[in-house]
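Colleague: Just a sequence and a predicted model for now, questions to come.
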Amino acid sequence: MNLPSTFITNIQNSFGEEGKSFLVDLPRLIEIASNQWGLTDVSPVSNLSCNFVAFAKCREGDVVLKIGVPNRELRSEILALRFFNGEGAVRLLEFDAEHSMFLLERLRPGEMLTTIEDDERATHIAADVMLRLWREVPDNLPFIKLTEWFDGLKKLRPAFNGGTGPFPEKLVERVDETLPRLYAESSPPCLIHGDFHHFNVLSSERGWIAIDPKGVIGHPEYEVGPLLINPWGSFLNGTNPKVQTERRISILSERLGFPRQRLLEWGLCHAVLSAWWDMQPDGTGGEYSLHCAEIFAGP
């Protein structure tokens, strides 16, 4: 099987030896899925990233096959798709937890929200989908918790011998001061997508639909964070990202019913967290997210 070199590198860098074993075992896993669900014409998508994703056909019609290295995020995604039950999210048709594989409905035309050039319209669409997604869930299910993600920032200062390295001190202090208040003042945690942005919202015959949920238990206000720093890369290339952010915040505040400042502060916290996730062992990376954080922090 000819797999893109970038996909192979991503899998190996993200999952180490487990990733290498997954790549070796992938043809067998595809065969298991094909036999189990009657799949034919399995064709990998062109933009493989951290999971194997392919278009396929079965007796019921066109579907999408997804197979990943066994990990908590994948398990949380399957569980979230079961809870969303096709409301605002892609439908989960079948799943095999033992082999970390599942079938999804094929969304058509399947164009990303990035194709909407009018950013205000795209933001309204995003708000519509968010409101359809959020669910109350029991606390005892193994979803990812938002607090666990932000607990990762506690490793930032130790990583830089008590300092903040390439992270501006004022941004790190702002997040340290803001997070406890956001936890206390924000809406009660619920099941949210967790990685909601323009590349994870696709057009379909059922309207705009979210894909690839992380399945996170967190405050719904956080959901705007990934959206605010996207489309990744091109957002900062706009004529005035600060004005664009203000317009987005106005729309999201009105549509979602959350205070403007609270949404902006969650956006700031997510941007710093995103930069921390992007940080490489050599101390590089995270520049894009930090630039976004500077915009959200204001003067």
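Modeller: Yep, that arrived. Residues are numbered from 1 along each chain as shown.
Colleague: Can you classify the most centrally placed residue in the chain by secondary structure?
Modeller: The residue lying closest to the centre of the chain (Cα atoms, centre = their mean) is residue 195, at 2.1 Å. Secondary structure, DSSP: H, G, I helix; E, B strand; the rest coil: residue 195 is coil.
Colleague: Skipping adjacent residues, who's closest to it in space?
Modeller: residue 214 (4.8 Å; Cβ to Cβ, 6 or more residues apart in numbering). For glycine as for every other residue, the C-beta is placed from the backbone atoms N, C-alpha and C.
Colleague: likewise residue 230?
Modeller: Closest to residue 230 by Cβ to Cβ, 6+ apart is residue 197, at 3.9 Å.
Colleague: any idea how far the one you found lies from residue 126?
Modeller: 8 Å (Cβ to Cβ, to the nearest Å).
Colleague: who touches both of the two?
Modeller: residue 227 (Cβ atoms under 8 Å, 6 or more residues apart in numbering).
Colleague: Now stretch 245-252: buried residues?
Modeller: By neighbour count on 16 or more other Cβ atoms under 10 Å, the buried set for stretch 245-252 is 245, 248, 249, 251, 252.
Colleague: For that stretch, list the C-alpha coordinates in CSV.
Modeller: Output of stretch 245-252 as CSV, limited to C-alpha atoms (Å, rounded to 0.1, in the frame of the first residue of the first chain):
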residue,chain,number,x,y,z
THR,A,245,-12.1,38.7,15.6
GLU,A,246,-14.4,41.5,16.9
ARG,A,247,-17.0,40.7,14.3
ARG,A,248,-16.8,37.0,15.0
ILE,A,249,-17.1,37.6,18.8
SER,A,250,-20.2,39.8,18.2
ILE,A,251,-21.9,37.2,16.2
LEU,A,252,-21.0,34.3,18.5
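Colleague: roughly how far is that stretch from the heart of the chain?
Modeller: Distance, stretch centre to chain centre, for stretch 245-252: 20 Å (Cα atoms, centre = their mean, to the nearest Å).
Colleague: Check stretch 179-196 too.
Modeller: Taking mean C-alpha positions (Cα atoms, centre = their mean), stretch 179-196 and its chain are 15 Å apart.
Colleague: which residues are in contact with that stretch?
Modeller: In contact with stretch 179-196 (Cβ under 8 Å, 6+ apart) are residues 80, 83, 89, 126, 129-130, 133-137, 143-144, 146-147, 150, 200, 210, 212-224, 226-227, 258, 262, 265-266, 269.
Colleague: Just the buried subset of these, please.
Modeller: The buried subset of the contacts of stretch 179-196 (16+ other Cβ under 10 Å) comprises 80, 83, 89, 126, 129-130, 133-134, 137, 143-144, 146, 150, 200, 210, 212-224, 226-227, 258, 262, 265-266, 269.
Colleague: Which of those residues fall within strands?
Modeller: 144, 210, 216, 217, 218 (DSSP state E).
Colleague: Reformat those residues into a markdown table and put pLDDT and distance to residue 110 next to each item.
Modeller: Listed next are those as a markdown table, based on pLDDT from 0 to 100; distance: Cβ to Cβ, whole Å:
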| residue | pLDDT | distance to residue 110 |
| --- | --- | --- |
| 144 | 95 | 26 |
| 210 | 98 | 13 |
| 216 | 97 | 24 |
| 217 | 97 | 29 |
| 218 | 97 | 28 |
